[in-house]
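Asker: Attaching a predicted model along with its sequence, questions to come.
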Amino acid sequence: MVDFNLDDCIRKVPDFPRKGILFYDITSILSSPIAYKYCIDKMVELYKNKGIDAVAAIEARGFLFAASFAYCLNIPIIPIRKKGKLPGVTLSKKYALEYGQAEIEVHRSDVPKGKRVLLTDDLIATGGTLNAARSILIEGGAEVPGIFGIVGLPFLDYEKILEPTPVTTLINYHSE
Ligand code: AMP
């Protein structure tokens with residue numbers, strides 16, 4: 001694997017989607033095959049010998065990394081989606097956003113009982129979405145031995161809400 005400065009491939013967009021937020025845009029990773037390959041290779045290196053049975057990912061940017069990772073490890077993908085998108089029987093969880101509420105869902109039949117599911121997203125901010133996702137995976141009978149994000153914003157304290165699950169990121173930023 002080439003030694004690589006991932007920071008160079010993450011676009012920073014001030015005041016998006018609203019004033020005061022610095023948006024860390026991972027589409028600039030997707031448009032760089034070297035950067036994208038670096039991310040997937042790192043994920044594989046981190047988790048290939050960890051007994052991971054499946055990967056769960058949050059709609060929509062999380063899918064873009066989890067799919068290639070799942071292909072490399074030959075494991076199933078568990079899509080976690082916004083409410084109302086999945087046609088089968090679901091497990092769902094409401095959670096608080098800065099303003100208002102959101103709800104995510106997973107197909108109950110996708111959650112493998114007693115299996116080790118790595119939970120992933122592109123970026124971990126407050127950790128609220130991943131916390132809700134973890135709870136529906138556990139409700140469905142899976143274990144969640146780790147949480148992974150390409151980008152982490154640890155100043156938003158996601159480690160507290162996500163403990164005791166170990167959280168791994170490829171790059172962290174310390175302000176917004
Ligand atoms: P959270 O539940 O707070 O961890 O964040 C939920 C989602 O919002 C993550 O999946 C990110 O894709 C997105 N997000 C939150 N804050 C940012 C940010 N500063 N830059 C880019 N994406 C963000």
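Answerer: Structure's in. What do you need?
Asker: what's the residue nearest the centre of the chain in contact with, if anything?
Answerer: Closest residue to the average C-alpha location of the chain: Asp121 at 1.4 Å, with C-alpha atoms, centre = their mean. If you count contacts by C-beta atoms under 8 Å, 6 or more residues apart in numbering, Asp121 has them with Ala57, Ile58, Arg61, Gly62, Thr129, Leu130, Phe148, Gly149. The C-beta positions use only the backbone N, C-alpha and C, and glycine is treated the same way.
Asker: how much space is there between the third one and Leu30?
Answerer: This means Arg61. Computed as C-beta to C-beta, to the nearest Å, the Arg61 to Leu30 distance reads 9 Å.
Asker: which secondary structure elements does the longest helix along the chain contact?
Answerer: In the chain, ranked by residue count with DSSP state H as the criterion, the top helix is helix 33-47. Here helix 33-47 touches helix 27-30, helix 61-73, strand 143-152, strand 167-172, going by 3 or more C-beta pairs under 8 Å, 6 or more residues apart in numbering; DSSP states H and E.
Asker: I'd like to know which of those lies nearest to the ligand.
Answerer: Nearest to the ligand, of all these, is helix 61-73, at 5.6 Å by C-beta to the nearest ligand atom.
Asker: Give me the below-cutoff pLDDT ranges for the protein.
Answerer: Flagging of the chain using pLDDT under 70 yields the residue ranges 1-3.
Asker: Please list the residues of it that sit near the ligand.
Answerer: 21-24, 58, 61, 121-129, 176 (C-beta under 6 Å from any ligand atom).
Asker: So which of the residues you listed are in helices?
Answerer: Secondary structure defined by DSSP H assigns Arg61, Gly128, Thr129 of these to helices.
Asker: Next, count neighbours for the closest residue to the last one other than its chain neighbours.
Answerer: It refers to Thr129. In space, not counting the residues next to it along the chain, Thr129 is nearest to Ile58; the distance is 5.7 Å by C-beta to C-beta, 6 or more residues apart in numbering. For Ile58, the count of nearby residues is 24 (other C-beta atoms under 10 Å).
Asker: and what of the one 10 residues further on?
Answerer: Residue crowding around Ser68 was assessed by other C-beta under 10 Å; the count is 17.
Asker: just to revisit the earlier point, in this structure the residue nearest to Thr129 contacts Ala133, no?
Answerer: Yes. Using C-beta atoms under 8 Å, Ile58 and Ala133 qualify as a contacting pair, with a distance of 6.0 Å.
Asker: What separation do you get for the nearest residue to Ala35 once chain neighbours are set aside and the ligand?
Answerer: Of all residues beyond its chain neighbours, the one nearest Ala35 is Cys9 (3.9 Å), with distances taken as C-beta to C-beta, 6+ apart. Distance of Cys9 to the ligand, given as C-beta to the nearest ligand atom, to the nearest Å: 14 Å.
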